[in-house]
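**Student:** sequence first, then the predicted structure, then my questions.
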Amino acid sequence: MTKGNPPPDTPLKISWLISALATALFTGLMACFIIAIDPTLSELDGSTYATVMQKLIQHADHPPLVPMMVIASIVAPPFTLYFLRQQRSSAAFKWTLTAFIFAIIVLLITVGLNVQINNYISSWNPASVPADWSAKREAWHQLNLYRTPASALALIGHLMAGFSLWKERR
């Protein structure tokens, strides 16, 4: 155990668990995209691609399951860091901070870039896709290639923080 009083365990465990679960769910979703969905999308013609992507976007956002995962992975870690504030030199604090930084990177890519492409794709008429549809498909795929490892690193950070918490509190 490091210096300072140990934080209250229950709120700490809940905030860590929410962080880890939300990040694990999003990372798993992104891995599925990289492994199976993106390769499938790359084989579709413009009309089919537009139709499938519009459905994927619709079902990801209504109900807002994917946004909820991303939001939880951003909102919960500051609580964990708050509960660990007395142990800033602890491995759990450092791993949680690392995970939070990677989660912010995922959020910035998602909100700053992916959402813009999603909105553009959602505006397409599948019967008459724009001339740049394949470039947007490639850009969307490339962003997934950045988001997935960043999300995986956030998950590793949360898992290492959880292991450190368990180890420090034995």
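**Tutor:** Looks like it arrived, so ask away.
**Student:** for the longest helix belonging to the chain, which helices and strands make contact with it?
**Tutor:** If you go by DSSP state H, the chain has its longest helix at helix 133-168. Using 3 or more CB pairs under 8 Å, 6 or more residues apart in numbering; DSSP states H and E, the elements in contact with helix 133-168 are helix 9-32, helix 38-41, helix 46-61, helix 65-83, helix 91-109, helix 115-122. The way it works is simple: take the backbone N, C-alpha and C, and place the C-beta from them, glycine included.
**Student:** buried residues in it?
**Tutor:** By 16 or more other CB atoms under 10 Å, the buried positions in helix 133-168 come out as 133, 136-137, 139-141, 143-144, 147-158, 160-162, 164-165.
**Student:** next one: stretch 77-93
**Tutor:** 77, 79-81, 83-84, 87, 90-93.
**Student:** residues in contact with A72?
**Tutor:** Going by CB atoms under 8 Å, 6 or more residues apart in numbering, A72 touches 18-19, 21-22.
**Student:** one more: I57?
**Tutor:** Going by CB under 8 Å, 6+ apart, I57 touches 118, 121-122.
**Student:** and those residues, which are buried?
**Tutor:** For the contacts of I57, a burial check counting by 16+ other CB under 10 Å picks out 118, 121.
**Student:** need the contacts of I57 in JSON lines (columns: distance to P67 and pLDDT).
**Tutor:** Shown next, in JSON lines, are the contacts of I57 (distance: CB to CB, whole Å; pLDDT from 0 to 100):
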{"residue": "N118", "distance to P67": "11", "pLDDT": "96"}
{"residue": "I121", "distance to P67": "17", "pLDDT": "98"}
{"residue": "S122", "distance to P67": "15", "pLDDT": "97"}
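**Student:** adding distance to L108, write the contacts of I57 out as CSV.
**Tutor:** Output for those, formatted as CSV (distance: CB to CB, whole Å):
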residue, distance to L108
N118, 15
I121, 20
S122, 21
